[in-house]
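**Q** give me a 3D structure for the following:
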Amino acid sequence: MKLTQLPISRRSLAIAAGLVGTLSLAIGAHAALSVRALDAAKAVATEQVALPVNKPSKLALVIGNGHYPDAGDPLAQPINDARSLTRALRRDGFDVDVVEDATKDDMSRAIERLKGRIKQDAVVMLFFGGYGVQTGRESYMIPVDATIWKESDVRREGVSVESVLDVMKDHGARAKLVVLDASRRNPYERRFRAFSHGLAPIAAPDNALILSSATPGKVADDSKGENSVLISELLNNLSVKESGAEAVFNQTRVAVSRASDGEQVPSVSSSLLEDVRFGATESANAGS
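**A** As a prediction, the model looks like this:
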């Protein structure tokens, strides 16, 4: 059988060659795009793994009140204490709102600011240095512009410690820390019918830790130093790297008691459900 030879022109060969080249380029481009897409996917995955977990916020409201018109001589230590503690907390990663010689309006606005800053899982701390007064088994922080002539004025003019703890709890704070250096002699006591000395026990919500400069119902005299004994010892213990808050507060209580030969024994009240650490990495705090 004899096959007939088909005539193929040069133009046909050129077209065929062009088609083969185009197809090869298309296949090569598709392969290159696939490799690039795979590389990009790997890069995104790697970047997602490397991204830090959202950091739990650490907030503090620090109030130092020293100049009370109705209380005679100004208190020198509360403002120094507020400034020293603010520096220490900021080194530990706290976002600190500090207020000095706060009026009732100043304190109310500061608490409102705190409300707006609290996020779920936050560690929130309150420090108050100044005069504190108990009435009706509740402890009140006294603003510098308070006008107090009778015991019932304390509830109207003061700010309840428990009310600030309620703000922390209601807005989802994970842990609530309170330091009160306010167990001083009540400057308004001579105007009261009933005896009022020191602070009342603080009703703490869940996962809270409270350090007060004296046991409930007791008062502490101011020392001669730039800072109060309570804050001096607290700062010493805060300088220990990655210390647990409960350990820091208890060590401060022991140190103040020793420094005063037992004349001043701070109070520590804890309902902590976890270990909250000062100066720790955020990942360590999140995993604690």
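**Q** show the subsequent helix or strand relative to the helix or strand where residue 268 lies.
**A** Using DSSP states H and E, residue 268 maps to strand 267-270. Sequence order places strand 277-278 as the next helix or strand after strand 267-270, per DSSP H and E.
**Q** what is that following strand packed up against?
**A** strand 243-244, helix 245-259 (3 or more C-beta pairs under 8 Å, 6 or more residues apart in numbering; DSSP states H and E). Glycine gets a C-beta too; all of them are placed from N, C-alpha and C.
**Q** what's the neighbour count on the residue nearest to residue 120 when sequence neighbours are not counted?
**A** Excluding the flanking residues, the one nearest residue 120 by C-beta to C-beta, 6 or more residues apart in numbering is residue 172, at 4.3 Å. Number of residues near residue 172 (other C-beta atoms under 10 Å) recorded here: 12.
**Q** which secondary structure element contains residue 172?
**A** Counting by DSSP H and E, no helix or strand carries residue 172.
**Q** what about residue 204, how many residues nearby?
**A** Other residues close to residue 204 by other C-beta under 10 Å number 19.
**Q** quick one: low-confidence ranges for the stretch 101-250 of the chain?
**A** Counting by pLDDT under 70, the stretch 101-250 of the chain has low-confidence residues at 193-196.
**Q** quick revisit: out of the helices and strands packed on strand 277-278, which gets nearest to residue 183?
**A** The closest of the helices and strands packed on strand 277-278 to residue 183 is helix 245-259. By C-beta to C-beta, the value is 11.4 Å.
**Q** name the helices or strands packed onto the closest one?
**A** Applying 3+ C-beta pairs under 8 Å, 6+ apart, one finds that helix 245-259 makes contact with strand 208-212, helix 229-238, strand 267-270, strand 277-278.
**Q** how about it: buried residues?
**A** Neighbour-count burial for helix 245-259, with 16 or more other C-beta atoms under 10 Å as criterion, is recorded at 245, 246, 248, 249, 250, 251, 252, 253, 255, 256, 257.
**Q** please apply the same query to stretch 70-90.
**A** Residues of stretch 70-90 classed as buried: 71, 75, 77-82, 84-86, 88-89 (neighbour count, 16+ other C-beta under 10 Å).
**Q** residues in contact with that stretch: which ones?
**A** Stretch 70-90 is contacted by residues 60, 62-68, 96, 98-101, 125, 127, 129-131, 146-148, 179, 181, 184, 187-188, 222-223, 225-228, 231, 234-235, 238-239 when judged by C-beta atoms under 8 Å, 6 or more residues apart in numbering.
**Q** same thing with stretch 145-154?
**A** 68-70, 103-104, 133, 135, 140, 142, 157-158, 188, 191-194, 196.
**Q** run the last query once more with 7 Å
**A** For stretch 145-154, contacts defined as C-beta atoms under 7 Å, 6 or more residues apart in numbering pick out 103, 104, 133, 135, 140, 157, 158, 188, 191, 192, 194, 196.
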